[in-house]
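>>> sequence plus predicted model, see below.
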Amino acid sequence: MANKKVPMEHDKKIALVAHDNKKRDLVEWAKFNRDLLAHHKVYATGTTGTILEQALGFDIVKLQSGPLGGDQQIGAKIVDDEIDFLIFFWDPLEPQPHDPDVKALLRMAVVWNIPIACNRASADFMISSPLMDGEYDRLVTDYDAYRTRRIDDGGALESDQATRPFVAPEAVAEPVAADARGPVVALKV
């Protein structure tokens, strides 16, 4: 598939996410980098957003908590080109009730080729990059061919089955055995 350029402006749209055991690390990192973050648009999930807003003293766009759909909201914003950069301090040693959402969020970041930092060291390298404070053209796979591909339906749309309404067959209950609780029945169609 071909690539297309997606411009990232000087002021980035950054999502900050942290699992409970990593919130303190993210807040310390954000406070250290407050002046660098202040001119960007910052999004955060749940309580992380409230904590960051109090610690940093500037507005944060707060979404739902991760387990309540916040990770999926951020993933959707990545797809809609409303987030260009993800800093996600996740806890690799603690199982999360929303692990599938976390995996989906990280997958969207890779599919749409946005920078991802999953720990303090990678976040330090990314925030201090000269690319952070300039315009940048991100190369993203052009999915138009995928979206418009022809799907072989196996002739299902051409068959008589596709136009006839479904009629459920009559079901009859017949006793097949009995135990102390009463008769056991089987449904015959």
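Noted; the coordinates are in hand. Note that this is a predicted model, so its numbers are computed, not measured.
>>> phi and psi next, for residue 80.
For residue 80, the backbone dihedrals (degrees, to the nearest 10) come out as phi -80, psi 10.
>>> ugh, wrong one, residue 45
Main-chain dihedrals, residue 45, degrees, to the nearest 10: phi -90, psi 150.
>>> now residue 140
With angles defined as degrees, to the nearest 10, residue 140 sits at phi -120, psi 140.
>>> what's the neighbour count on it?
By the other Cβ atoms under 10 Å criterion, the neighbourhood of residue 140 contains 15 residues. All C-beta spots, glycine's among them, are computed from the backbone N, C-alpha and C.
>>> how about residue 126?
Using other Cβ under 10 Å: residue 126 sits among 17 other residues.
>>> residue contacts, it?
Applying Cβ atoms under 8 Å, 6 or more residues apart in numbering to residue 126 gives the contacts 85, 87, 115, 117, 132.
>>> residue 47 too?
Contact analysis of residue 47 by Cβ under 8 Å, 6+ apart lists 23, 65.
>>> quick one: name whatever helix or strand follows the helix or strand hosting it.
Residue 47 is located in helix 46-56, with elements delineated by DSSP states H and E. Towards the C-terminus, the helix or strand next in line after helix 46-56, according to DSSP H and E, is strand 61-63.
>>> now that following strand: mean pLDDT?
Confidence for strand 61-63, expressed as mean pLDDT, is 97.
>>> report the buried residues of that strand.
When burial is assessed from 16 or more other Cβ atoms under 10 Å, strand 61-63 yields the following buried residues: 62, 63.
>>> so which of the contacts of residue 126 are in strands?
Taking DSSP state E as the definition of strands, those contribute 85, 87, 117.
>>> and which of those is nearest residue 19?
The shortest distance between residue 19 and any of the ones in strands among the contacts of residue 126, using Cβ to Cβ, involves residue 87 and amounts to 12.6 Å.
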